[in-house]
Every structure is written in structure tokens, then in C-alpha cells.
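Asker: next input, structure requested:
(3 chains)
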Amino acid sequence: MNMIDKNIAALAEADTAATKEDAAPHVTFRKVQKTYDGENLIVRDLNLDIRRGEFLTLLGPSGSGKTTCLMMLAGFETPTSGEIRLGDRVINKLPPHKRNIGMVFQNYALFPHMTVRENLKFPLAVRKLPAAEIDKKVDRALNMVQLGVYGERYPQQLSGGQQQRIALARALVFDPELVLMDEPLGALDKQLREHMQMEIKHIQRELGITVVFVTHDQSEALTMSDRIAVFNQGVIQQLADPATLYEKPANNFVANFIGENNALAGIVESVDGDYCHLRLDNKARVQAVMGNPLKKGDKAVLSVRPECVQLNVQSLGCANRLGGYVTEITYLGDHLRVRVELAGRKEIVVKAPAAQHKHRFDLGDAIHVGINPEQLRALDPALGA
Amino acid sequence: MHRIPSKVRPLAVAGAAAMSLLAGTAHADITVISFGGTNQKAQVKAFYEPYTKATGSKIIQGEYNGEQAKIKAMVGAKNVSWDVVEVESPELVRGCEEGLYEKLDFARIGPKADFIPAAVTECGVGIFVWSTVLAYNSDALKAAPTSWADFWDLKKFPGKRGMRKGAKFTLEFALIADGVKPENVYKELATKAGVDRAFKKLDQIKPHIRWWEAGAQAPQLLAAGDVVMTSAFNGRIATAQKEGKKNLKMVWTNNIYDFDSWAIPVGTPKKDEAYKFIAFASKPENQKVFAGEIPYGPTNLKGTALVDKAIVPELPTAPQNMKGAFASNTQFWVEHGEDLEQRFNAWAAK
Amino acid sequence: MSKLSATMPAALASENTVSLKRQLGRAERMKKLKYGALIAPLAIFLLLTFVWPISALLKRSVDNPEVIGALPATSALLSDWNGENAPDALVFAAFAREMGEIKGTPVLAGAAKRLNMEQPGFRSLMMKTARAMPPAEGVSPRDALIEADERWADPATWRFLARNATPYTGRYLLASVDRTYDEQGQIVRAGDDQAIYVDVLKRTFGMSAIVTAFCLLLGFPLAYLMATQPPKIANTLMIFVLLPFWTSVLVRVAAWIVLLQTQGLVNQALMALGVTDHPLQLVFNSTGVYIAMVHILLPFMILPMYSVMKGISPTYMRAALSLGCPPFKSFWKIYFPQALPGVSAGALLVFILCMGYYITPALLGSPKEQMASYFVAFYTNQTINWGMAAALSAILFVATLILYMVYTRLTGQQDAASKAR
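Answerer: Residues are numbered from 1 along each chain as shown, chains lettered A, B, ... in the order given. Predicted coordinates:
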């Protein structure tokens, strides 16, 4: 690891301009729309500022517009309306080969008729760099991804992970202004994927480059990103750092899409500052923090993470306490997954630390659950669709 | 038979039935091959249909352009499906020597004395006399050509020429156009210098020649305006005229005439029927019908006598048409045919 | 495992390995036999329909059975003859006897035809001589032969006979490359009136190259379009490409004649549009042949290219663009090399098919557009010179083989380079 650090440091040194973090956004989307058939908007009214040097992930289910957004930035798609800026240039009509944006594709897109070295030389040769400089840069990039000895091989002779690293090296070797990654880890197995996540993150941080990363895997997004833009139906639902996104989802969609979530329906009975009182379907009354602006009589969805629900003794100090029966217990080593049926056939999943709760209750036992109001978020079901 | 296992027996029975069925139909029907087009149409009227009516046997028609390869292959493989074939004279002689055609027994055809002497050969009996003449489209030409020299005169008679693709007759006409007398043509062609002379003469009009292969093509080319003049079989032009193409004209000067003959490929399983057909087709009354359909001269002397007086001037055998005409020299073409055809082909491909 | 083998006696271990190896060998052999049995029908089929006819063809191109078959004794004697003085009485006697025996048979005609091929006039010499044989009582065979024709007194006649009385001959193959034997049996250039086959072979290759080039030029963009369009459009295009396959070649050729002839639709349209004031000669020359052949062979070019292009992911082009390479250069440097196997397969296919083309040039061309196969047909059908037909076919076959070897060499290297595993 020491060795790689050195290599990365060397590459970073050669690239001082990019490491500086500017106040001005690196990429700006302003009122961008995209439609293919003139009827359905794949991207509607997209406004997004990408900061210099950040790792931004576009996260969303398939068809949510995140890839289209990336393709517009790369120049393979043109916005139907609106404006995309790179630095202070409007790049709507700039052809892709003039954008100086590195890109890592889902299936790597390494040129099969060229050796690894030739693949890496390609962007440099196109830029007509002197041969000596090309060799130096290629060597450095190969060492950065620890594949210095594989230069003369053809891509098909490498494993998936190795191809992935070469694709990364190729996207970085010409010192692009920006690197785009389109689900680059989708084809790798779990272990390798987790390893590559760390490696990519590491390199990005060392080089200080701006990365726009597309994925539909929320855990990957949480692991790697500085900020995440959650897409659904062509709209950014929430743009925030991973912790905010997880702890304070802006709406019901985000709450459900990121991490595990318990959703309970209720009606607002009164509003008190940031908090409100609600009545659940089963007549129980609870207090919750307001995630979206709500007023008395509104329908609301209550969202709580499984690990924020307390059981039995631990629930005693909670403002909201509900009774129910244990319907399922799954032992997962460090914690238990407990399914509790509340009155009115509502179910709630609880993650309880195993050390505290092992053998304390059995299937069918009556049990108390407690939720602190600050961890119970009342959201507007109409938002986020 | 009794030892055939029972499972196989139905098959064997069916096979035997099929064989007898084939044999039953096969004995009467014969396959007759001729040169196609209006010639064949006339044969259908004059020979095939009356034969079917008289005997009840059907005739399966086929056509070819005189290539002997298929006959040689059939005879060689002892699997002969052609029973009677119309052949030109050199091919008849060559095929007779090489054992492709049966030596004919004239007792089964008719008295030799009834035929023009030259029409009776070892393996063949003449069907008709035909001529290769100069034909032209009078709409396409201002003046009427009168000789083969005119055929070569591109200034006086501009336009494309048609000729039969091959050395036979083409070389003869070239020498005639170059001023060789008809009686000396084959003497001249037998020498290297004479052949060179003929090809040199052909060089003069080579870029203007459209070659034809089937006899039916010549009147088509003329009528379509693709050529203004062509060598052609007289019967083909005459029938085209009869069909209303009055602008097609013939020049009989220095025409070359020859026989087409019936021959029987060696090894046909229907030799008897083949003889029966040839004898039938050689009857004077049938030859008369044929001449009426297409003006080719009968070979049966009694047939000549029957021919409609109105048709006589159109026949190659009419005295005014015979003036300056000359017979194709079969022996010459047997001897030199392959060599000259090969050279012709080489010349044409250059 | 190491512990196990350590505690086991060494002899037992090695015996074990031997029997294991034997078992493995037996299993492998059984497998091979099974596979062998599976491909046996195909192998036999290929042997019967491919290898055997081609060997027969190659043999036919050097076969020379006519004279030696008709005159076996004479041939044997002539092969021992020094060829300088007149042959001795034995030769005359054998020749006279054998000529008498084959008189009037197809065997004599075959031999006479074969000799006439070499020297026009020999046919009648043979026929005439045979008629005078066998010699009358008391007349020596030599006198009787010279009586029949005095050419038999000339040693040159006998030398000629001797030259052609060999079981095999190179004359057909030599003639196919415009060479021939002279009087002394040396190989020399054939006379100008016979030397055409080198030109014909050059023409065959030239025309094939031109047709292939046109097919490539027209086919490449179409194949690319098909490979990059959505399936619905691609399938429609595919139907148009395949449409010509559904009609016979003859029908298509006839259609081209109708379209291209002097008063055909194309000429009428051109004149109506004022492009030309007199009909253009579009058929019965090279124009017609090229148009029709390109039309007929285009699918053979498009289909292999399409199948290869279909497998090239569009992300390669995107990757090249994103790396800063301009569109055309990206296409040339990234897309084209990957499409090359399809291009070369299509080109090879069209070229080889083209070299064997007969019917299209025969019907739409003039004698100047005829390719090698026309002459094969000419010798097969017209003059029944199957030796010559076989020799020309053999040359064409060898040319195709060489071409194919060059192709596999080139693409093989490329494959080894890019697909090495």
C-alpha cells in the first residue's frame, strides 16, 4: 500500500491544478430537460451544481434519468432544453471528444485489438504528446493501478478486476477535467466490488479529481460518495451527504430507497414547531419530527430506521411507546432482526443488539417498542412519488 | 423371393409395381431434342402432333444448341434419356465415328433412293435443308445491302452486326467478304494463311458484332434494333416475317446451306420407337407440312414435289436462292472444327 | 496427501499411478472413438462429395488415356525408340495390326480426335490409315502404311505419335498458362492465336477484385447502418438485403437485361430526364456484368460484415470519443479494426464466388468479359475437351486455395494477436 501511495502522490503532484478546491461549481446543470419522444421527459428540470474535487454519486432505480444525465454531461446526448456548464463554459453543443472528460464504462470498453499499453497510450497519442512523455504517463498510470507488468497483454487476457483497473487508468491517464463512471463495478463479484470501491475512492481523494459516479446500488453510493443525488422519475429527490440522506431523508421515496425503513401511515392532529402529533391507523398517538411541512388533518407517512426502534426495557425512556407481539426472530450474530406486529396488523422491523436481547423474548411474546420523536420522521406521502 | 424377410416384402412388392408402371408408360413415349424456337414449333405441327395422333405415344420435347457434351456423357454413362436428336452435319459425322450415334438401318426408315443423296449418311437421315443468310432490318438502314461485302461496310451501313458465336460460317463469310470465290473458300480455310486472312477480316468489324447463340436470337436482335444486320437461319427470318415483322429482309447472295439430321444416341432403351418416329417424320406428307410451317427444304424428294408452289421461292433449294450459294463442307469442319473453334474463342475473348 | 504417500510403500504408489494412467488413457480413447463415430458420417460425406471429385478433376487435367489405350503395343514400343532414325519393323507391324483391330470403333475416333487436337489433319490421317489396315497378304506393314499415307515414312510423324502415347500429359495444364510443347518436346510460349488463358485468369482476378471492391463500398455503409439501427429498422433492411436470395439468379439476370437493354427502362428514363440523347450501351459489356454481379453478390458481403458489426458494442466508439479522438478517426482506429474480420470474410467470400461466376457474364457480357469458368464450360460442352476443362478448373482451384491460404495467414495473425488467450 505504501508503494501505491507514492505512485498516487506522484500523479497528484503532476496534477496540482485539479486538486485545488474552488468555490465556484465545477459543473452546473440549469433547468435541463431531456425527452426522446417529445412526450415523456426522461429528465425534468434538473438543477445541479457539482463541486470541484468532490465525489458525487447519481443514485436511483433504472429509468430514473441518472444515466441520461451522465450521458448529457459526457456529450453523448444533448439536452432538449436548459444549459450545462463545465467551469464557465457552456458545453451543450461541444462534441464529446473536445470535452476532456474521462469516462469509465460499465463493461470497461477496453479496445480488444490493442494491448493494455496501447489502450492507455491512445488518449495521449490523440493529443499528440511527445513519445517520451506518453511512456512516462502510461507507466505512472499502470503503476497507480498496480498492473505495471501487464502492459503487453490484451484486455481479454486479464481478469474482470484487472480490466476494471485498466479502464480506470485509461480514464485518468490524460489528466481529464472530470471523470465520469457509469456503474463501473456492476460486473464484479461482491468481494472484489467492495475492494474496488475503496481503491477508486482512495485514488480520487489522492488526486483530488472530480468524479461523477452513477449507480443503482445504495450501499455503494453511501460508501464512496461525498454527496449523493437521489433520482426518481427524472427529478432529483434529494442532494445531500450520505449521513443526512440516511438520517434525514427528504421524502418518502428517499426514505425507502436508502437503507431499510419502517413506514407507518397516520394523520396529523396538531403541529408544534418542528414536531407534530399524529394518530396512527390503529388509533395510537405518536409524536414525530416533521420531515416535510405538514398541517393539521394532513395524511402523513411515518418513517423510522429499524435500528432506532427500542424494545422492552430500552423503550421505557421513549416518548412514543407501542405494544405488539413478536412474530419473527432472526439471529444475525451482532444483532437480531425482530418482526413485531403492532395493533391493527401493522408490522415493524427492529434491529436490536444481540448482546442486550438474546433469550429475553420468544415468538408470540407480548412486547413493547419505543421510538424517540426525533428519530420518527413524518413525511408527506405525496412527495417523491 | 420367398427368402425376403416379411418386413421387406411390402417394399419389394411396391417396388416391383412401380417398375412395371414405369415400364408400362415408358415403352411408348420418346424424347426428341431439337434446336428450339420456331424450328421446334414447326416440328411440333408437322411431326410431333401427327405422330401422337397416329400412334398414341406422347413426345417429350427438349431443346439444345448443338452441344454434344451431354450426349457424350449420357452415352458414356450408359444412361441415355434422349431418344432422337436433331444434329448438324459435322457433329453427326464426328459423333458417328466416336460411337455416340447408332448406325442407321434404312430398311426401318424408307428407301434411300427417296432422299437427296447427301441427306443419307451412316448415322443420320436429313430432316431439312437450311441456309444461313444475311438478314437486315430495312427500317434501320437507308439502302439495302446486297452482299457479305456490304455486311463489312460500316461506312455505308452503320450499325451493329449480329453473327452466330462460333467459327463455323463466320470464317466462310469473312473470306467471301474479302473477295474469295465460294468454290475456293474451304481450300483457302485449310491453310494457315487463309485462316489468318479470315480473322483479319473479322477484326475490321469485331467491335461492332453482337454474337448470338440460339437461332431464335437473330430475328429478336434485328427486330429490337440491337443490330441492323445479322447472319441468320432463313427459316427464322421467314417465320418472323410471317408474324408481321415485314421490315426484316433476307439477302440470299452467297448463303451457306446444310442439312440437319435425325440421329439416335447409342444405348437408348427406346430404339424401336425412335426408328418409328424418324420413319414417320421422313414421310413426304409430313415434310411438306414442315416446309409449310417454316421454309426449310424437304430432304425427301417426294416431299419436295408436294410443297405448296407459293412457298417454293422461300426455300433454300429454290433455283434462284441456290445461285452463288455453297454447301457447308462437313469433312472440313470435322477435321478443323475443334481447332478453329478454339482459335475463334481465343480471338473473341481478346 | 503427502502424509498418505509417505506411509505407503513406493512400489504400490507407482503401480497405482500406472493403473490410473492406463484408466485415464482408456477413458480418453473411448471418448475419441465416440467423437470419431459422431463425425464419421460428415467425414465420409466430404470424402465422397469433395475430396474424391476434386482429386478426379486434378487427375483428369493430366490424364492422357486415348492414344495409349487405342495402341498399347505400339505405345510400348515407341517409348523404347530413340526417336532419331525411322522406327524399326516391329513398330510398323504393331501399329498396322492395332490400327486394323480398332478400325471403325469409337476407340480409334477417340485417339484420332486426341491427336487432331495437337495437329489438325491427323484425324483424317488416322482414319485413312485405319481403312487401309490390316495390310494385304504378303505386303509388309511398313510398305502398306507408307502406301496408305507417305507421312508414315517421316520419323517426325512417329515422334509426334510417341510424344502423345504417354499415360499422362502436361499439355492441358501448360495450355492453361499459355505454354505448349514444341516439336522437340520443349516447353515454349503458345502462339498468339492460342495464348489467352493468362489474360483470362488476369481478367478473372481483375473483375473479381472490382466486383469485390464495389460490394465493399456499397455493402459497408449498409451493414453499418443495419448493425446500429434499432431492431425494427434493421430487420426491414435485412429483408431488403435478403430479397434477391428469394429469386433465382437466372431471373435476376433476365430482369437486368430487360432493365438495361438499348430500349430498356433505364435508358428510357435517362433519355426522358435528358441525361443522354441516345441510348447508352449498358448491357452486353462490362457495365452490365458489373452491375448484375455486384447486385447478386452484395448479400454475401453484407451478411458477414453485419454479423461481426452487430457484436461490436457502441460503447467502444463512445470510449474513443471520450478519450478525445475525433469521430472519423475513432471510427477508423477503433471501429473498423474490430469490423475487419467481417470485412475480410465478406470480401473473400465474394471474391471466391466471383472467380467461379459463369452465368452472369455469359448472359450479360460480351466475349471480352468472359472469365475462366466460361472457358471451362466451353471445353466441357462445346468441344468436349474435358482435359482442358479440368486443367482450367485445376488452375482456378489452386488460385482459390492460395488466396484462402493468404487470407488465413493474414487474419490468423490478427486473430492470434487480438484473441490470444
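Asker: neighbours around the residue of the stretch 1-150 of chain C found nearest chain B, how many?
Answerer: Across the stretch 1-150 of chain C, the shortest distance to chain B (Cβ to the nearest Cβ) belongs to C:Pro106, at 3.0 Å. The way it works is simple: take the backbone N, C-alpha and C, and place the C-beta from them, glycine included. Number of residues near C:Pro106 (other Cβ atoms under 10 Å in any protein chain shown) recorded here: 18.
Asker: and the closest residue in space to it that isn't next to it in sequence, helix, strand or coil?
Answerer: On the basis of Cβ to Cβ, 6 or more residues apart in numbering or on different chains, the spatially nearest residue to C:Pro106 that is not a chain neighbour turns out to be B:Gly99, at 3.0 Å. The three-state assignment at B:Gly99 reads coil, by DSSP: H, G, I helix; E, B strand; the rest coil.
Asker: now do the same contact list for the residue in the stretch 1-150 of chain B that chain A sits nearest to.
Answerer: Taking Cβ to the nearest Cβ as the measure, the point where the stretch 1-150 of chain B comes nearest chain A is B:Ala69, at 51.1 Å. If you count contacts by Cβ atoms under 8 Å, 6 or more residues apart in numbering or on different chains, B:Ala69 has them with C:380-382, C:384.
Asker: go with 6 Å
Answerer: Shown in contact with B:Ala69 (Cβ atoms under 6 Å, 6 or more residues apart in numbering or on different chains): C:380-381, C:384.
Asker: next one: the nearest residue in space to it that is not next to it in sequence, what pLDDT does it get?
Answerer: Of all residues beyond its chain neighbours, the one nearest B:Ala69 is C:Asn381 (4.3 Å), with distances taken as Cβ to Cβ, 6+ apart. We have a pLDDT of 82 for C:Asn381.
Asker: picking that back up, what's the residue nearest to C:Pro106 sitting at in phi/psi?
Answerer: phi 80, psi 20 (degrees, to the nearest 10).
Asker: ok, now how distant is it from C:Ala390?
Answerer: Using Cβ to Cβ, to the nearest Å, one gets 22 Å for the distance from B:Gly99 to C:Ala390.
Asker: same question for C:Leu161.
Answerer: According to Cβ to Cβ, C:Leu161 stands 23 Å off from C:Ala390.
Asker: and chain A, which of its residues are near chain C?
Answerer: A:76, A:96-97, A:103, A:105, A:109, A:111-113, A:122-123, A:126 (Cβ under 6 Å from any Cβ of the partner chain).
Asker: if you set the cut-off to 8 Å instead, what comes out?
Answerer: Within chain A, the positions lying close to chain C (Cβ under 8 Å from any Cβ of the partner chain) are A:74-76, A:95-103, A:105-107, A:109, A:111-113, A:122-123, A:126-127, A:154, A:156-157, A:170-171, A:174, A:180.
Asker: buried subset of these as a PyMOL selection?
Answerer: The following PyMOL command selects only the buried members of these, with burial defined by 16 or more other Cβ atoms under 10 Å in any protein chain shown:
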select buried, chain A and resi 74+75+76+96+97+99+100+101+102+103+105+106+107+109+111+112+113+122+123+126+154+170+171+174+180
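Asker: among the residues of chain A next to chain C, which are in helices?
Answerer: When helices are assigned by DSSP state H, the members of those inside them are A:74, A:122-123, A:126, A:170-171.
Asker: so which of those residues comes closest to chain C?
Answerer: When these are compared for distance to chain C, the smallest value, 3.8 Å, is given by A:Pro123; criterion: Cβ to the nearest Cβ.
Asker: touching, the closest one and A:Phe174? I think so.
Answerer: Yes. In this structure, A:Pro123 is within contact of A:Phe174 by Cβ atoms under 8 Å, at 4.1 Å.
Asker: mutual contacts of those two, please.
Answerer: Overlap between the contact sets of A:Pro123 and A:Phe174, as judged by Cβ under 8 Å, 6+ apart, is given by C:323-324.
Asker: ok, back up a step: so B:Gly99 and C:Ala390 - more neighbours on which side?
Answerer: A count of neighbours by other Cβ under 10 Å puts C:Ala390 above the other of B:Gly99 and C:Ala390, at 25 against 21.
Asker: what's near enough to touch that one?
Answerer: C:Ala390 neighbours (Cβ under 8 Å, 6+ apart): C:57-58, C:60-61, C:63, C:172.
Asker: in what helix or strand does it lie?
Answerer: When secondary structure is defined using DSSP states H and E, the element that contains C:Ala390 is helix C:386-419.
Asker: name the residues of that helix that are buried.
Answerer: Buried residues in helix C:386-419, counted by 16+ other Cβ under 10 Å: C:386-397, C:399, C:403, C:407, C:418.
Asker: what's the closest of those to C:Phe375?
Answerer: Nearest to C:Phe375 out of the buried residues of helix C:386-419 is C:Leu392 (Cβ to Cβ; 5.6 Å).
Asker: which bits of the stretch 1-150 of chain B sit near chain C?
Answerer: Taking Cβ under 8 Å from any Cβ as the measure of proximity, the stretch 1-150 of chain B contacts chain C at B:67-70, B:72, B:94, B:97-100.
Asker: let's see 7 Å
Answerer: Taking Cβ under 7 Å from any Cβ of the partner chain as the criterion, the stretch 1-150 of chain B approaches chain C at residues B:67-69, B:72, B:97-99.
Asker: export these to a markdown table and append columns for pLDDT.
Answerer: Formatted as a markdown table, the entries for the residues of the stretch 1-150 of chain B next to chain C read as follows, by pLDDT from 0 to 100:
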| residue | pLDDT |
| --- | --- |
| B:Glu67 | 85 |
| B:Gln68 | 87 |
| B:Ala69 | 86 |
| B:Lys72 | 89 |
| B:Glu97 | 87 |
| B:Glu98 | 87 |
| B:Gly99 | 89 |
